[in-house]
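1. give me coordinates for this.
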Amino acid sequence: MKRYVTYINYAVFLLLTAGCSVHSRQSVDLPVIPPDSYREDAGKEHSGQPIEYWWKTFHDSKLDILMEEAFSENLDLAQAYARLEQLEAVSRSTVAAQYPSLNGEVQGSREDTPGFFGNNIGDSYRLSLAAGFELDIWQKLRSRAQAADFEMKATQEEVKSVYLSLSAELVDLYYLAVEQRAQLVLADQTIASFTDTLDRVERRYREGLVSALDVYQARQNLAGVRASRQLSEASLAVAEHALSVLIGRYPDRKTGGQLAIIPGVTEAFPAGLPSQLLARRPDVQSAFLRIKASDEQVAAAIADRFPSFNLLGNYGKSSTAFSTGDITGSFWNLTANIAQPIIDGGRRKAEVDRTRAVFRENVAFYQKAVLAAFKDVEDALVRSRTTRERVLMLKDREAAASGALRLSLERYMMGLSDYLPVLTAQGLYFNARSSLLEGQRQMISDRIQLARSLGGTWMTRELENRFHADISRKETDE
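-> Numbers count the residues shown, from 1 in each chain. Just a heads-up that it's a prediction; the model follows:
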């Protein structure tokens, strides 16, 4: 009688503890408290809400078309979606482990065996349904399912990061190609100007007004510009090749169009408030979700050290042939199984220690990602401001170099000076114009980096659009 009372008490204990977790979920603090505004922002220029589809502010229809094509054809994005599908399948699999399983079994045989009354010849069969269910007393299965779900959501955030990186890389390559075309236009204009100057110097040399040194110096300037043109030609080709591969095409020279004028940009994109940044950064969200996943893995590892409870059932019909006749009928059985780990060499405890170490690693990674996110924005704001100021100075430098070249050439043609001032002024003017083009393109690159560092919510809409498109495609294929 005592034995039955003990069993009853144990059963009541299990019912009371069912659904209780053996691990308390851990909280994670931010490494810093976000300030009210960015240091570089000072609550002035960039305090508005960040722009979502930021590349549309350039008002370039060709760029918009390339972006749409990249979102549908980019291979990095295709890989990211494939990884997401894998994690979604893993998540469904771990959720399924929480439910009962049911298997149908069919067994048939024909036998010819010796017996007391002659050979026993007959057919035997067995039809049954086998069910199994693990009672998730310690929430081990639930914790594994939650961990897989958080891993899947973290991968979703990584897909958003791919969208963000892809958009930034595409716009950067697009305007790099634009700058190189502008550099080629500048080189061609400079070559034409230097060729005209060389013709004048050669004419003055034939007239005996200048020495051969002036001719050689003029040819030197012209050759230098022609050589620099080849560098721009190579850079343009590389940028166009990278742009075509980015949207899933074979490397070509036509994908990026023929635009050769760098668009003007004025103010930097609004940066919003630092308190909003973490929710807009998919890399930070991914790191946080992996903390939650690792916390659930700790819970599952701890629960694995406790007893497991399984219910097994079998029901069916069988027929067995005997020499005296067939025995036919239904059968069933119900089994309860309790297994408690006793000796495993410390394997389960080691798994708990491992998952706890993974949790601490993910916490440190998340806190680092938070600091890096604020750093990215502060860096981008500083670069946006300083590059804009640099471009204004480069414009002043170009204007001064243009005036110096004009005056030095006039003085030389009037015989008031030798050719060296012209030589110097030509080189400085070409470099000033080239540097201005580079600075204007760098200002666009700084805007791109600012938009990238601010993250966004537009990637969620692209993810949903892709999801619905994939469902429609699968339904059509079926």
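
2. can we go C-alpha only for contacts and neighbour counts from here?
-> Will do.

3. mind listing what's buried along stretch 397-410?
-> Within stretch 397-410, the residues that count as buried by 16 or more other CA atoms under 10 Å are 397-398, 401-402, 404-405, 408-409.

4. Provide the contact partners of that stretch at residue level.
-> 417, 421-422, 425-426, 428-429, 432-433, 436 (CA atoms under 8 Å, 6 or more residues apart in numbering).

5. still on that earlier bit, now, which of the buried residues of stretch 397-410 lie within helices?
-> Residues of the buried residues of stretch 397-410 located in helices (DSSP state H): 397-398, 401-402, 404-405, 408-409.

6. could you dump these into TSV with pLDDT added?
-> Shown next, in TSV, are these (pLDDT from 0 to 100):
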residue	pLDDT
Arg397	94
Glu398	94
Ala401	93
Ser402	92
Ala404	92
Leu405	89
Ser408	90
Leu409	88
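
7. most widely separated two among those?
-> Arg397 and Leu409 (18.1 Å; CA to CA).

8. which residue ranges of this protein form strands?
-> Secondary structure of the chain (DSSP state E): strands at 101-115, 118-135, 308-322, 325-339.

9. closest to Val22 out of those?
-> strand 308-322 (13.5 Å).

10. helices or strands up against the closest one?
-> strand 118-135, strand 325-339 (3 or more CA pairs under 8 Å, 6 or more residues apart in numbering; DSSP states H and E).

11. which strands or helices does the shortest one pack on?
-> When you say that, I think you mean strand 325-339. Short answer (3+ CA pairs under 8 Å, 6+ apart): strand 325-339 packs on strand 308-322.

12. which residues sit against the strand it packs on?
-> Identification of contacts with strand 308-322 by CA under 8 Å, 6+ apart yields 120-137, 326-340.

13. filter the residues you listed to the buried ones?
-> Buried members of the contacts of strand 308-322, scored by 16+ other CA under 10 Å, are 120, 122, 124, 126-128, 130-137.

14. okay, those in JSON lines with pLDDT and distance to Glu464 next?
-> Formatted as JSON lines, these follow (pLDDT from 0 to 100; distance: CA to CA, whole Å):
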{"residue": "Asn120", "pLDDT": "65", "distance to Glu464": "66"}
{"residue": "Gly122", "pLDDT": "68", "distance to Glu464": "61"}
{"residue": "Ser124", "pLDDT": "77", "distance to Glu464": "55"}
{"residue": "Arg126", "pLDDT": "81", "distance to Glu464": "49"}
{"residue": "Leu127", "pLDDT": "87", "distance to Glu464": "46"}
{"residue": "Ser128", "pLDDT": "84", "distance to Glu464": "44"}
{"residue": "Ala130", "pLDDT": "86", "distance to Glu464": "40"}
{"residue": "Ala131", "pLDDT": "88", "distance to Glu464": "38"}
{"residue": "Gly132", "pLDDT": "88", "distance to Glu464": "37"}
{"residue": "Phe133", "pLDDT": "88", "distance to Glu464": "36"}
{"residue": "Glu134", "pLDDT": "87", "distance to Glu464": "36"}
{"residue": "Leu135", "pLDDT": "89", "distance to Glu464": "36"}
{"residue": "Asp136", "pLDDT": "87", "distance to Glu464": "34"}
{"residue": "Ile137", "pLDDT": "89", "distance to Glu464": "37"}
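
15. perfect, that will be all.
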